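Asker: Quick check, what structure comes out for this input:
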Amino acid sequence: PEPGEVPILSTSRSTVPKQIEKSKGPWKDEFLGIKNKFNIAKAFPGFEETQMSAKNTAAPVPDMTRLDNGLKVVSIATPDMTMSSFAFLVDAGSADEVQSTDDTINTGGITSLIDCMAFGPSTADGDDNGETVSHKLYRIGAVDQVTSNRENICYFVDVIQDNADRGLQLLAEAALHPATTQENISLAVEDLGFRSNYMMADILSRDAIAIAAYKDSPLGNYHFPTNMAQMSLHTPENIEKFRKSILYGDNCVLAAAGMRHDDLVNMAKKYFGDNSLPKKPNNVSPARRASQYTGGLYVSQRELQEPFVKLALGYEVGGYKSDNLYTMCVLEKLLGGGSSFSAGGPGKGMYTRLYLDVLNHHHWVESAQSFVAPHQENGILGIDASCKGENIQYLYQVILQEFLRLASDEVKPIELTRAKNMLKSQLMMQLESRIVVCEDIARQYATYGKRDLPEKTCEKIESVTAADIKKMVRTMLRQPPAIACIGEDVSQLPTYEQLKEFTMKKTAEVLSNSPE
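Answerer: Below you'll find the predicted structure:
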């Protein structure tokens, strides 16, 4: 409109099709022909059908080949085959360390050191010029990432498919041939110290509750070291000794998304074959020692980034191989939670129980978030919350009450449906990412030796009932609680015996007064 003219907002349908029909232009017949024939489920005229066209809408199934050294090589097709993602998973982590005050046998924190040194300088092909593998990857348009936890270490590379061979070669350099020098160890220890000082409180409390839950067991090992003086005592020799004990074909998986399987196998033989990745050594123990849930209390008095005290309460519920896996994941979404301040739009889980029953009713609670931490055979379901130090004992009662409600009353159908939909939605949205698909394949093959398709996973999620949740919660509450508390002012926290006695008493009352 002209300045000063009131704009007119039209609600009528477009007149373009009618104008075209009245037109006498030479392109009229061609346009109307395409318009009448075009179907969104078919390839556009003039373009070839892609591998994932309407004729092939079923989810692709991974192909798997085992190399002579025992390495599982797995690949899956993706709609866009112009990019490739690789994941190399080592089925070992901080649970495989010997964490001791005896420096002659101590391997505590080596997993974190390997994580910090990943994609640094390598020794492959006599490469000692100091250039990092990350820099080499950047020069071919690739990105790298590494993650580690108590049970595995996983290296990732995402690369243009034209450079896939070089990308996989550099992934092998990073994982199999790192330059483990004293200088690189010192830099990694410095990096670990920085991470420890500035680590988010949520991460610290989840690590702490595992220490409390599995005392004197492999899963009770710390994953994030805090004693940097002890970390500095590690030498290249004992790090390499630890690496050799976990790096062998049967203990690893190489996965790729967006890669033809035959091409992947040929490249894997070059870079991850017998010459680089040996067969299982005779002196390697057959499996890591089983972890036993004990419950317990772990307290760490230290300064956090947030001016609050973190408190986590959790229980053993089983791991990836447990029948409770999908029940615990649905319950984690049903409890939900977050921070007392939430910026942004919808989708924050404001109708989850921890928002409705905790954050909306107790102004002094700064945050309350449910979590599930499954491992292969064990796992913890819990609630992690924060408040000022003087309210810590009241916070414990509030958290416990949420579990007791679940044990006494079945969840409402609308809550259950919402939790299932949220879990399925997040699962499917994450699987839109090629590198997430790649990681999912690697982890499932390391755990199960196969991969469940997303459709089957969604069916298992949908099969969870309110009775399943109630039964699982009642079972887990019969165990001693695992409690972690981190912050500067932890003086108001009762002793473990007091907390355990209070918890077991309240639990017995609820279980005896409510039906199974």
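Asker: Show me the contact partners of stretch 226-238.
Answerer: Stretch 226-238 is contacted from outside by 103, 106-110, 113, 180-182, 185-186, 189, 192-193, 196, 225, using C-beta atoms under 8 Å, 6 or more residues apart in numbering. All C-beta atoms are positioned from the backbone trio N, CA, C, and that covers glycine.
Asker: does residue 82 really touch residue 161, like I thought?
Answerer: Yes. The pair residue 82 / residue 161 is scored as a contact, 5.6 Å apart, by C-beta atoms under 8 Å.
Asker: which one of these two has more residues nearby?
Answerer: For residue 82 versus residue 161, neighbours defined as other C-beta atoms under 10 Å are more numerous around residue 161 (16 against 9).
Asker: anything in contact with each of residue 82 and residue 161?
Answerer: Here residue 82 and residue 161 have residue 258 as joint contacts, going by C-beta under 8 Å, 6+ apart.
Asker: got any ranges where this structure has weak pLDDT?
Answerer: 1-58, 80, 125-129, 284-287, 341-349 (pLDDT under 70).
Asker: and if we set it to 50?
Answerer: Along the chain, the parts satisfying pLDDT under 50 run over 1, 53-54.
Asker: ok, back up a step: generate a PyMOL selection restricted to the buried entries among the contacts of stretch 226-238.
Answerer: Those of the contacts of stretch 226-238 that count as buried under 16 or more other C-beta atoms under 10 Å are selected in PyMOL with:
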select buried, resi 106+107+108+109+110+113+180+181+185+189+192+193+196+225
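Asker: Could you list which of the contacts of stretch 226-238 belong to helices?
Answerer: Judged by DSSP state H, the contacts of stretch 226-238 include 110, 113, 182, 185-186, 189, 192-193, 196 as members of helices.
Asker: so which pair among those residues is furthest apart in space?
Answerer: The most widely separated members of the ones in helices among the contacts of stretch 226-238 are 182 and 196, with 20.9 Å between them, by C-beta to C-beta.
Asker: Turn the ones in helices among the contacts of stretch 226-238 into a markdown table, including distance to residue 232.
Answerer: A markdown table is the format used below for the ones in helices among the contacts of stretch 226-238 (distance: C-beta to C-beta, whole Å):
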| residue | distance to residue 232 |
| --- | --- |
| 110 | 13 |
| 113 | 10 |
| 182 | 10 |
| 185 | 8 |
| 186 | 7 |
| 189 | 5 |
| 192 | 10 |
| 193 | 10 |
| 196 | 13 |
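Asker: Can you tell me which of those residues lies closest to residue 202?
Answerer: When the ones in helices among the contacts of stretch 226-238 are compared against residue 202 (criterion: C-beta to C-beta), the nearest one is residue 196, at 14.5 Å.
Asker: Look up phi and psi at the spatially closest residue to that closest one that is not a sequence neighbour.
Answerer: Residue nearest to residue 196 in three dimensions, not counting chain neighbours: residue 226, with 5.5 Å by C-beta to C-beta, 6 or more residues apart in numbering. In this entry, residue 226 is assigned phi and psi values of phi -120, psi -20 (degrees, to the nearest 10).
Asker: what number of residues lie near residue 226?
Answerer: Count around residue 226 with other C-beta under 10 Å applied: 17.
Asker: before we move on, what about residue 210?
Answerer: Neighbours around residue 210, by other C-beta under 10 Å: 29.
Asker: Residue 442 sits in which helix or strand?
Answerer: Assigned by DSSP states H and E, residue 442 belongs to helix 434-447.
Asker: name the helices or strands packed onto the following helix or strand past that helix?
Answerer: Once helix 434-447 ends, the next helix or strand along the chain (criterion: DSSP H and E) is helix 454-462. Contacts defined by 3 or more C-beta pairs under 8 Å, 6 or more residues apart in numbering; DSSP states H and E place helix 454-462 against helix 325-335, helix 413-430.
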